[in-house]
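Undergrad: Here is a sequence together with a model predicted from it:
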Amino acid sequence: MYVAVKGGEKAIAATHDLVAQARRGNPNVTEIGVKQIREQMKLATARVMNEGSLYDEDLAALALKQSQGDTVEAAFLMRAYRTTLPRFGSSQPIDTGAMAIRRRISAAFKDLPGGQVLGPTYDYTHRLFDFTLAADGHQPVQVEEAAQPLDISMPRVPDILGDEGLMEAEVAPQGDPAPTDITRDPAEFPAGRDTRLQMLARGDEGFLLGLAYSVQRGFGGNHPFAGEIRMGEVAVSFCPEELGFEIEIGDITLTECQMINQFTGSSDVPPQFTRGYGLAFGQSERKAMSMAIVDRALKSRDFGEGAAFPAQQEEFVLYHCDTIEASGFVEHLKLPHYVDFQGELELIRKIRREQEERRAKAAATREGVEA
Amino acid sequence: MDDFRANGAQQEARAFWMGVLARASLKELRAALSLAQVELPGVEVVKASETGTLMLEARAGGSGQRFNAGEATMTRCVVRHGETLGFSYALGRDKDKAMLAATLDCLLQDEERRGPVMSKVVQPLADLQRRKRETESRRAAATKVEFFTMVRGD
């Protein structure tokens, strides 16, 4: 129950000032700039864009500064800002096959056309502190440049196996329908793949990571291979009505993950590899991998695998993966529930009183019998 | 005046310069213009620069069912010079850039003035964008794995 409570304005105004001061920290230390965050905290801004479901690196950097680096609060700022903007339309479906690749690996195929490109990754670092980063005047690194750029177009790994018919096909349904949009219409269950992928793309990385881990540990009956992970820039195309033809309006950075899983087949489907798909803004490999594993786990119904494990239960996964909704509901408990609580208090007191009265009565009756 | 709505080849040319202008930053646009000493036409604002969002669609597995991957900020602007409408659409929230790019779109539709603007502004910006992409690609290519296979025993 919610009740309007008056008072507290002065305290609230004071807390706004105090949080601004806390955010600034020691004023003798140089203030961090939004551009610095955008350029030097790219993996954090990517997470804010993903869970805020809005691609804008400058805004994500500002959100991180304003929230003192709290990614959930920062994502909340992105979602709130989004609601103030008009929607100009939808892009043409992004073609990740035409990505300008900066990283592309496969854990399933060693010799794939186009090669294994490690790109910028922490995978092969020793996780030892680099104290030179803490010292001022760190020298810029000279990076190596190969004589030849990468191949213009690299086939997606599952498409290579697809040619042999061993891979579940990913083809558009009849008529290539426009996708459902959960920002316009609430999700319905059972959810289509479009609804599911949209919700997972906005989902909390930590929650999806935990679920993906549960699948791997046996709570989901799948053994995934990282068929391919690719990261780089893709063009965004849009066809404005007043123009009447398609134009490119810029590039965005995306991470795509194609998980492949063994499937022994059913009465309808021959033995083959099945697929899970993950797509995330920026360089967000852990998110894209987790999403792909959970996407596959949620296909269990399509393959007649049942839904015995949490990661296979659509309503459980999709209703609880949203950072903003989850933190909103958990954290709303901080808001005044005085009347609620007063009611509970009265109830407990009443039950106690009645219990004591019953006990007293019973004791009196016993005494009467003994006497 | 060419009709850039009807003609396929001209449409393609216009889509090319609009894409180049959309990818350029305001700073890059201004630098290219000042270097080329291009005089901008006076334009009337039809639709002032406005920021909104574009829903980004993707496909499951890269090739399958369409889904909404999330939104992106985007800014658009429409200006008029005589009979010609100039448009600009670009990711991000730069309203000054949108105005400048729309003005350039107007100018580029003028057959008499297109040549020098293409060669001195659009083409150099396109080259800059291509070089940047190629550098990124060469840097990534330097991290390509060359496998050595060790044969053991017999």
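TA: It's in.
Undergrad: So A:Thr96 is in contact with A:Val157, correct?
TA: No. Contact between A:Thr96 and A:Val157 fails when scored by CB atoms under 8 Å: they sit 12.0 Å apart. Quick note: C-beta positions are derived from backbone N, CA and C, even for glycine.
Undergrad: The two: who's more crowded?
TA: For A:Thr96 versus A:Val157, neighbours defined as other CB atoms under 10 Å in any protein chain shown are more numerous around A:Val157 (26 against 21).
Undergrad: mind checking the SS state of the residue nearest to the more buried one when sequence neighbours are not counted?
TA: Nearest non-adjacent residue to A:Val157, counting by CB to CB, 6 or more residues apart in numbering or on different chains: A:Glu228, 3.7 Å away. Here A:Glu228 is strand, with the state taken from DSSP: H, G, I helix; E, B strand; the rest coil.
Undergrad: Measure how buried A:Glu228 is and give me the count.
TA: So A:Glu228, with other CB under 10 Å, has 25 neighbours.
Undergrad: what's near enough to touch it?
TA: Going by CB atoms under 8 Å, 6 or more residues apart in numbering or on different chains, A:Glu228 touches A:104-106, A:108, A:156-158, A:256-258.
Undergrad: Closest to B:Ala102 out of the residues you listed?
TA: Nearest to B:Ala102 out of the contacts of A:Glu228 is A:Glu256 (CB to CB; 33.2 Å).
Undergrad: Show me which residues of the helix or strand containing that closest one are buried.
TA: For A:Glu256, the element it lies in under DSSP states H and E is strand A:247-263. Buried residues in strand A:247-263, counted by 16 or more other CB atoms under 10 Å in any protein chain shown: A:247-261, A:263.
Undergrad: for stretch A:108-128, same thing?
TA: For stretch A:108-128, by 16+ other CB under 10 Å, it's A:108, A:112, A:114-119.
Undergrad: Distance check, the residue nearest to A:Val157 against A:Arg275.
TA: Look at A:Glu228 and A:Arg275: by CB to CB, to the nearest Å, they are 11 Å apart.
Undergrad: what do the two both touch?
TA: A:158, A:258.
Undergrad: Spit out the contact partners of A:Gln258.
TA: If a contact means CB under 8 Å, 6+ apart, then A:Gln258 has A:156-158, A:226-229, A:275-278, A:292, B:61-62 as its contacts.
Undergrad: how about the nearest residue to the residue of chain B found nearest chain A, chain neighbours excluded?
TA: In chain B, the residue that lies nearest chain A is B:Gly61 (2.9 Å; CB to the nearest CB). Nearest residue to B:Gly61, sequence neighbours excluded (CB to CB, 6+ apart): A:Glu170, at 2.9 Å.
Undergrad: Equivalent analysis for A:Gln116, please.
TA: B:Val145 (4.3 Å).
Undergrad: and the one residue sitting closest to the centre of chain B, what pLDDT?
TA: What sits nearest the mean C-alpha location of chain B, by CA atoms, centre = their mean, is B:Gly19, with 2.4 Å. B:Gly19 carries a pLDDT score of 98 in this model.
Undergrad: now the one 10 residues further on
TA: Per-residue confidence for B:Leu29 comes out at a pLDDT of 97.
Undergrad: Check which helices and strands the helix or strand encompassing it sits against.
TA: Secondary-structure assignment from DSSP H and E places B:Leu29 in helix B:26-36. In terms of contacts (3 or more CB pairs under 8 Å, 6 or more residues apart in numbering or on different chains; DSSP states H and E), helix B:26-36 is packed against helix B:95-108, helix B:123-141.
Undergrad: so does the longest one get close to chain A?
TA: Read it as helix B:123-141. Yes. Helix B:123-141 is in contact with chain A by CB under 8 Å from any CB of the partner chain, via B:133-141.
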